[in-house]
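J.: Quick check, what structure comes out for this input:
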Amino acid sequence: MLTKQTVKFTKSLQIKKFRRLYNQFIIEGEKSVLEVLTSDFNIQKLLITPYFQNKYKKELQPFSGRIELAGDKELDDIGSLQSNDSAIAICEIKNYELPAVLNPEWVLVLDNVNDPGNLGTIIRIADWYGISRIICSEDTADIYNPKVINSSKGSFLRVEVCYVNLPEFLARQKMEIFAADLQGENIHKIVFPGAGMLVMGNEAHGISADVKKYITRTITIPQFGQAESLNVGIATAICCDRIRSSQS
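T.: This next block holds a predicted model:
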């Protein structure tokens with residue numbers, strides 16, 4: 001059984017101000033916890049069920065940190081998943097150092113993408129298409145929100161997510177800056193360069209005026225039906241697929 005202090009502390013990490021105060025966050029579920037065990041993230045503590053302990057004795061052997069046993073219901077109560085019969089890892093937040101000017105590569109840029117599920121999906125998409133860095137405006141959803149971590153399906157371990165003053169950052173960059181916009185060029189008719197930045201904006205309000213100043217080229221996914229718009233995650237996937245396929 002977990003101590004009251006552990007329960008209270010773990011629950012507090014679902015709230016951004018406490019994650020920042022303690023510089024820690026939670027990872028939930030069997031697969032995600034197994035992945036973080038083999039990553040370079042610093043795990044402060046593992047909360048695991050006897051099932052997880054017995055099934056993964058070999059994987060747990062190298063871990064020298066603190067382990068506390070918990071019942072299934074306890075993990076359900078303190079985590080964000082509807083059902084978790086395996087494990088929660090309490091990890092140290094990783095603060096990436098971002099160079100003032102990026103090396104030539106493809107980078108995703110998110111301007112006020114404030115839905116945690118969308119951010120997690122975009123991280124997963126970036127991982128799929130071999131994009132290792134996402135630059136976010138300061139009002140974009142928090143990478144360490146449990147909903148972001150869960151929906152990224154472990155991809156946050158391989159994709160660096162940084163938060164910056166976006167206009168100031170873009171002003172220093174040398175690469176071409178593309179942006180998804182309803183009035184842009186047909187994405188299927190563009191041959192993309194080997195490196196660049198792709199800006200995706202807020203679903204309701206689009207890209208902010210301060211960021212638009214630094215866009216060098218706008219692109220659009222042509223519409224064939226009557227839908228009002230595309231989810232930002234879906235739109236990001238289509239754009240990434242076109243960028244990569246045009247280079248092959």
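
J.: what are the ranges of the helices in the chain?
T.: Taking DSSP state H to define them, one finds helices in the chain at 4-12, 16-22, 30-37, 50-55, 57-60, 72-78, 116-128, 146-152, 166-171, 209-212, 232-247.

J.: closest one to Glu160 among these?
T.: Minimum separation from Glu160 across these (Cβ to Cβ) falls at helix 116-128, 9.6 Å. Quick note: C-beta positions are derived from backbone N, CA and C, even for glycine.

J.: pLDDT on that closest one, on average?
T.: Regarding helix 116-128, the rounded mean pLDDT is 97.

J.: Give me the pLDDT for Gly71.
T.: 86.

J.: err, Asn84, not the other one
T.: We note a pLDDT of 69 for Asn84 in this prediction.

J.: Would you mind measuring from Phe18 to Tyr163?
T.: Applying Cβ to Cβ, to the nearest Å, one obtains 18 Å for the distance of Phe18 from Tyr163.

J.: before we move on, what about Trp106?
T.: As judged by Cβ to Cβ, Trp106 and Tyr163 stand 19 Å apart.

J.: cool, and Asp111?
T.: When Cβ to Cβ is applied, the distance between Asp111 and Tyr163 equals 12 Å.

J.: Repeat that for Arg172.
T.: As defined by Cβ to Cβ, Arg172 lies at a distance of 16 Å from Tyr163.

J.: So if I had to pick from these two, which one is more boxed in?
T.: Tyr163 (19 against 11; other Cβ atoms under 10 Å).

J.: Apart from its chain neighbours, what residue comes closest to that one?
T.: Counting by Cβ to Cβ, 6 or more residues apart in numbering, the nearest residue to Tyr163 once its immediate chain neighbours are dropped is Cys136, at 5.0 Å.

J.: Can you check which strand is longest in this structure?
T.: Assignment by DSSP state E gives strand 177-186 as the longest strand of the chain.
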